[in-house]
Every structure is written in structure tokens, then in C-alpha cells.
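**Q** fold the following.
(one chain, ligands or ions: 1)
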Amino acid sequence: MSAIERSKKSTLLLIVLALSGSGAARADDLDSVAATLIERGLATHQAWELVRSLTVEAGSRFAGSSGDARGVAWAERTMRELGLENVRTEPVTVPHWIRGEAEVAILSPWAHDLVAVALGGSVGTPEAGIEAEVVQVSDLDALEALPDAAVAGKIVFFNRRMERRRDGSDYGPTVQPRGRGPSAAAKRGAVAVVIRSVGTGPHRFAHTGATRYEDGVIKIPAAALAVPDADILEAQLESDRPVRLLLRLTARRLPDAQSANVVGEVVGSERPEEIVLLAAHLDSWDVGTGAHDDGAGVAVVLQAARLVLSLPRRPRRTIRVLLTANEEFGLSGATAYGEAYAEQMGDHVLGVESDLGGGRVWRFATRVNEGALPFMRRVHALLEPLGVEWHGDAAWGGADLKPLREAKAPLADLSADATSYFDYHHTQDDTVDKIDPDDIAQHSTVYAVLAWAVADGDVEPRPAPAVPARR
Ligand SMILES: [Zn+2]
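**A** Below you'll find the model as predicted:
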């Protein structure tokens, strides 16, 4: 081969390389890569196996508990085994609260022991418990409407039923008294709070979840009643006789503890500093094993990374898997991530979080730059055969994506089918047998396709339109 021929050949090679880097070549690539991801993703139950491994080996992972530490160790080890790069733990200080025991009983007119659980963060009662008459309200507005005399010295019973919905949208309004009820009731002179469990199942276990005391307001104890037990209390209140309740909780706060966010990456081949963030929370409540909430999300984002790693080449941008500490009891991990990466918030090309259980993804929404929408619609077309609907450009992003949301980073919502999620949410019944292996396979496959598409695509979703202050 002459020098001229050699130089012609290398010029040709350069042209071919240049073309393969162009948008047109990548467009075809996206279809075939998505098809590969879908074929591989639906053919395996690896995501379900990950939830089983986490929930068996670490168990419940409540902030500050020994299970929390086991969860962090499991996540770090599993990320390394899956071949993620830059695997690290990042320290997070978390509150440490001990549930203790909960005893709730109707004393009159008809004595009855009730199935109950302390709300997360509740103070305990005196050792003998608190005895008082019950006043029932539907929600915070109804409490405000009562005269002080009707509330002072009483135990307030927030009795609002949660509706079963595919998008889980009745959780937001129903959960208000769980968070704000105790301080709202204390301001009116109440001595304790019980709520109907924020859940949809008929079963005889109660749903916990965080309550938040306001600064400067007396902290009164608070518990949730199982749904059938709330029905019993409601029925006794219908008798028009005074209903007296005993509430005894041994909950208490300990000094803050140490936990960690666990981070691992699929490093991008061309723009490694640009990040597609896949998030889930590693912690759980203490009562179950945190399978749907949020072992499923943990498995989904890990499995999505594993599927991408099975491809012959890396995406151009980095896919970062973030498993946060203590979402449930104060978003500690999300806050720590926002602080640790404050300078890099603008490098986030997309954030998406899986935290609505292990059901099938049925809806896709984005919050991106207008110019990126045609690309996102194209990604939706890839997801449509998996049963995913398009839901417009008003994504919220999930609790742990708060720092991204505040930085106007682009976001996506991949909504899991939550029809039965709130039967198990925050209960002792949240165990891996409640997750369908095929459903979570589909769920993780959808994440893999979206992550690949945005990490590899010729698309600039930044900056995203701001999220309205209240959803
Ligand atoms: Zn969760």
C-alpha cells in the first residue's frame, strides 16, 4: 500500500468514525439498543432476586439501626459485584428513633384492644399511658373548625379513608394529618392523636410513617390504627356515648447516628461529567422488610445499570446510581447529596427516582427544556410496547430529587402501578413475596431504556422549567 493509499484509507476511516458519532447514526442505534435492553430485561427475574437478597440479608433498614448499616454494606458490595464504577459510601448523619411498644385500647363504652403502631418520631407517653375522651375529625380543616372546648384535654382521632388509585394520588391528601396532625391538635390543647392508617388494605396491621412536630409546640404522642380497628372506634363513636381511649407508647429518641448514601456509576465515554441520575432510597421503616418501599426501587436502579453494562459499549454520559440514606424519616440522604454535589447540580442532565413500589411502570412524564421534548416523545415511543403512557411535561421527580428540583435540573417520572402498593406501604406486611417478578422486570427495563437513551442521546434537556412550589 502506497503512502497516498494509506492516507486515503485513514481519511475514509475518519469519515466513518465521524458519521457514526452523528445524530443520524445514533438515532438508529437507539432503536436497536432499546430492543436489546427490552429483550434482556424482560427475560430475567434478576431485579426480584435483588430485592430478595436485600430484604433477607439486611432486613428492615430504619435510619440508625443495625439493619441500616447492613443495607449500606449490601449496597456497596452489590454495586461492585454488578461492575459499577466509582462505588463509594458518603457519610450522612441521621436521626435515631426507637419505636418501642404501642398499646391502644378503647376503655368505654365497650372495651376493646386495638391494633396500632406509633407514628415515626412520636414521643412516648408516661409509663401508665394517657387516658382521655376521643374527639373525631375527618382532617386538619375539620379540626380547625372545632371550638377549643371540644378539643382541649381530648385524644383527637383523624379519620380519613384513603382511596385506592392506580397513581396513588390519594396518598398526598390523606397523609396530611399524619405529618401535621399532632402539632395542630396540640395547639388546641389535645393530649394525644390517633389516625386511621394511611393505607388501602383491609388487613389488621397498622401503617406507620413520619410525623413532624412544629418547633415551639408541645409534642404529644401519636399512633396509627389498623383500618378495621379505626372502623371499630368509628362505630363506637356513632353510639353517641363518650368514648374513652388508653394510649401507651414507649417510643423515644436517641442521639443522631451515622449512615451513608451509596453511589456507583456507569462512566460515560465522551462526557463523563454529565450525569443521568437514577435514585432510590436504601432505608425503610422498621416494621416490615422494606420490599416495595423501597427495596424495589433499589433493585430497579441497580438492575437498570446492570442491563446497560451488558451492552457492548458505554453511553456517552455517565449514569449514576444513588441509593439514599434515611428518606423516610427526614430526607437526610437527599439533603446530604445536595450539599456534597452543590457545584455539580448543573451537570445533571436528568434525574429519575423509583419510590412507588415494584409494580409495572404505566406512565412517563418529563420536565425538560422545550427543545428536548421531541426526543423524549421518541423515548416514549420506545416504551409504548411496554404499556407506558405519555403524561406530558409536568414531572415532579420524587422526594429524594429535591436538590435537583430546586436546581431546575431536568426530571422524569416513571410511575409504577400503585393500585395495591398502599396495602403494604409502611407495614409489617411489606415483604418480597408481595412483588411480582415479571412486574419489577418490566419496571427496571423501562428505567434502563430511559437511562440509556438520555445518557447516550443527542439531547440537551437543561435547564428544565421550574416546579411549582406546591404540587
Ligand atoms: Zn419510599
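**Q** could you pick out the residues of the stretch 251-400 of the chain near the ion for me?
**A** Contacts of the stretch 251-400 of the chain with the ion, taken as C-beta under 5 Å from the ion, map to D293, D294, D355. Placement of C-beta: from N, CA and C, glycine included.
**Q** mind putting those in JSON lines, secondary structure included?
**A** Output for those, formatted as JSON lines (DSSP: H, G, I helix; E, B strand; the rest coil):
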{"residue": "D293", "secondary structure": "helix"}
{"residue": "D294", "secondary structure": "helix"}
{"residue": "D355", "secondary structure": "coil"}
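**Q** ok, and the most crowded of those?
**A** The most crowded member of those, judged by other C-beta atoms under 10 Å, is D294 (31 neighbours).
**Q** now do the contacts for that residue.
**A** Counting by C-beta atoms under 8 Å, 6 or more residues apart in numbering, D294 makes contact with A280, H281, L282, D283, S284, E327, S354, D355.
**Q** in TSV, list those residues along with distance to I106 and pLDDT.
**A** What follows is these, written out as TSV (distance: C-beta to C-beta, whole Å; pLDDT from 0 to 100):
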residue	distance to I106	pLDDT
A280	40	99
H281	36	98
L282	39	98
D283	34	98
S284	31	98
E327	34	98
S354	40	98
D355	36	98
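**Q** which one of the residues you listed sits closest to the ion?
**A** D355 (4.3 Å; C-beta to the ion).
**Q** doesn't S269 fall inside a helix?
**A** No - according to three-state DSSP, S269 belongs to no helix; its state is coil.
**Q** where's the nearest residue to it once chain neighbours are set aside, which helix or strand?
**A** Sequence neighbours aside, R314 is the residue nearest to S269 in space, at 4.3 Å (criterion: C-beta to C-beta, 6 or more residues apart in numbering). Assigned by DSSP states H and E, R314 falls within no helix or strand.
**Q** same question for A394.
**A** Counting by DSSP H and E, A394 is part of no helix or strand.
**Q** I figured it hits R363, correct?
**A** No - contact status for A394 versus R363: not in contact, 11.7 Å apart, counting by C-beta atoms under 8 Å.
**Q** quick one, which of the two is more surrounded?
**A** Neighbour count, other C-beta under 10 Å: between A394 and R363, R363 has more, with 18 against 14.
**Q** in the stretch 1-150 of the chain, what residue lies closest to the ion?
**A** R61 (11.2 Å).
**Q** for that residue, give me the pLDDT.
**A** As predicted, R61 sits at a pLDDT of 98.
**Q** quick one: it from E133, how far?
**A** 39 Å (C-beta to C-beta, to the nearest Å).
**Q** out of those two, which sits in the more crowded spot?
**A** The residue with more neighbours, out of R61 and E133, is R61; 32 against 14, by other C-beta under 10 Å.
**Q** can you pull the contacts of the more buried one?
**A** With the criterion set at C-beta under 8 Å, 6+ apart, R61 makes contact with G67, D68, R70, G71, L282, D283, S284, G290.
**Q** SS state for it?
**A** Using three-state DSSP, the three-state assignment for R61 comes out as coil.
**Q** element containing the residue nearest to it when sequence neighbours are not counted?
**A** The shortest distance from R61 to any non-neighbouring residue, by C-beta to C-beta, 6+ apart, is to G71 (3.8 Å). Here G71, judged by DSSP H and E, is contained in helix 66-82.
**Q** hmm, who's touching that helix?
**A** 50, 53-54, 57-62, 87-89, 94, 257, 259-260, 262, 264, 282-284, 286, 298, 302, 305-306, 309, 321, 323, 325-326.
**Q** just the residues contacting the helix or strand following it, thanks.
**A** Scanning forward in sequence from helix 66-82 by DSSP H and E, the next helix or strand is strand 85-98. Contacts of strand 85-98 with the rest of the structure, by C-beta under 8 Å, 6+ apart, involve 63-64, 68, 72, 76, 79-80, 120-121, 251-267, 283, 324-326, 329-330, 332-333, 336-337, 340.
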